[in-house]
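> got a sequence here, can you model it:
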Amino acid sequence: MTRAELFGVFAFWTVLAVLTAANRLADQREPALSVVSRTVPVALAFQQMYTWALLTPFVFWLAGRFSIDKSNAVPRLALLLAIGVVVAFSVDRLNSSLITAFHVRPRFGGPSQPGGGPGSGGFFSVLHGPMILNHFILYIGVLSAGSARDYFLRYRSRERETARLQSETAQLEAQLAEAKLAALNAQLNPHFLFNTLNAVSALVERDPRGVRRMIARLSELLRYTLDGGHDPEVVVSQEIAFLERYLEIMRIRFEDRLEIDVQVGDDARDALVPSLILQPLVENAVKHGVEKVSGTGRIEITAMRHDDRLVLSVGDNGPGRTKSDNGDERGVGLRNIRQRLEQLYGGAQSLTFLDRPGGGTIARIEMPFQSRAELRTTAIVGTESE
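Purely as a prediction, here's the structure:
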């Protein structure tokens, strides 16, 4: 038992002792009891109640040690009742011994006179009589309180254990989600590098100087992926900065046959997006759009905020998607995008392909608008509320 519980037990039995002592002092108005010192009933009342105060931790221990459930109700109940009889008898013998020690013969009357001797029906006769039943009832009351306490402690322990398991489960789920994102990022980087090297190799013979520029830009991209590309989310401005390096490689590859238009809303620059989310879409626009255009190819990239949503789009002026192109969504790049969006935002995101007015295709991503400042504010509010 805790100190607070022990203090509560002491206070409870002290209150009962005071009430019992007051009741016995009131009984001394009887002439037969007038010879008894006022300190005797008070001392006996406190002795009896404090005896139970000392027994309460033991009875509480019994309630916890021999807790009753459906599987053991009968034997344990019989054991606890048997212990109760022993406790009640022992307390009654102790009280009887103390009452006998305090017994003072009245100054008037003999044993046959009213109020005289131990055999009279006065104060000591009442106290000295068998009180086992009363003590047994007290034992049952204390045992019931102990059982209720034990049930409450076990219930609170189960709640704490449940909360701990839920916390551990949430941590494991978060770690699993991070591991999945890391695996998806690891899958995307080799795919991106392989395709970029293919673009570089296409210029080796006809434009060696361009190849050197492309390799320089590629080294910058690799440095980015090694230094900061492991973050699952980055701000839009950082994602566009990476994409522009990749677009420089595409400009070198297509020389003056590629036009690029990038439009980012001022209120969207600080929004969080999955890292390297736009590069596979641009690569897809190059493959299905720019490469199939005999004239100048065009890629349009936008990032805009619409209320609580962030919309990213990559469009091209190619011939548009055909039935044979639809199977390409099973490729690494687009499949990786869908899986990462699902992992980060669940059902609150979408990746769709639309026909571009005037010809071509638009890849459109919608996701919840979030910024680092908003996440920081939410984390602070959550910490304060705890």
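> pLDDT of the helix or strand hosting Leu54, averaged?
Using DSSP states H and E, Leu54 sits in helix 39-65. Taken as a whole, helix 39-65 has an average pLDDT of 86.
> show me where this protein has its strands.
In the chain, the strands defined using DSSP state E lie at 233-235, 258-264, 272-274, 297-306, 309-316, 350-355, 361-368.
> and these, which is most packed in?
Sort those by mean neighbour count, taking mean count of other C-beta atoms under 10 Å, and strand 272-274 sits at the top with a mean of 24. For every residue, glycine as well, the C-beta is placed using N, CA and C.
> parallel or antiparallel, list what pairs with that strand.
Partners of strand 272-274 in the sheet, by DSSP bridges, are strand 233-235 (antiparallel).
> can you tell me what sits against the strand it pairs with?
Contacts with strand 233-235, where a contact means C-beta atoms under 8 Å, 6 or more residues apart in numbering, come from Gly228, Arg269, Asp270, Ala271, Leu272, Val273, Pro274, Ser275, Leu344, Ser371, Arg372.
> same thing but 7 Å
If you take C-beta atoms under 7 Å, 6 or more residues apart in numbering as the criterion, strand 233-235 is touched by Arg269, Asp270, Ala271, Leu272, Val273, Pro274, Ser275.
> the fifth one and Val286, how far apart?
I take that to be Val273. As for Val273, its distance to Val286 is 20 Å (criterion: C-beta to C-beta, to the nearest Å).
> out of the strands of the chain, which gets nearest to Ala63?
strand 361-368 (53.0 Å; C-beta to C-beta).
> list the strands paired with that closest one, with their directions.
strand 309-316 (antiparallel), strand 350-355 (antiparallel).
> how about those in CSV, adding mean pLDDT and distance to Arg149?
Converted to CSV, these look like this (pLDDT from 0 to 100; distance: least, C-beta to C-beta, whole Å):
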stretch, mean pLDDT, distance to Arg149
strand 309-316, 95, 54
strand 350-355, 92, 55
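> Ile260: which of those is closest?
Of all the strands paired with strand 361-368, strand 309-316 sits nearest to Ile260, with 10.6 Å by C-beta to C-beta.
> what's the closest one in contact with?
Contacting residues not belonging to strand 309-316 are listed as 268, 271, 273, 278, 281-282, 285, 289-290, 297-304, 356, 360-369 [C-beta under 7 Å, 6+ apart].
> skipping adjacent residues, who's closest to Val290 in space?
Leaving aside its chain neighbours, Val290 sits nearest to Gly297 (3.2 Å; criterion: C-beta to C-beta, 6 or more residues apart in numbering).
> counting neighbours, which bits of the helix holding Leu54 end up buried?
For helix 39-65, the neighbour count (16 or more other C-beta atoms under 10 Å) marks 40-42, 44-46, 48-49, 51-53, 55-56, 59-60, 62-64 as buried.
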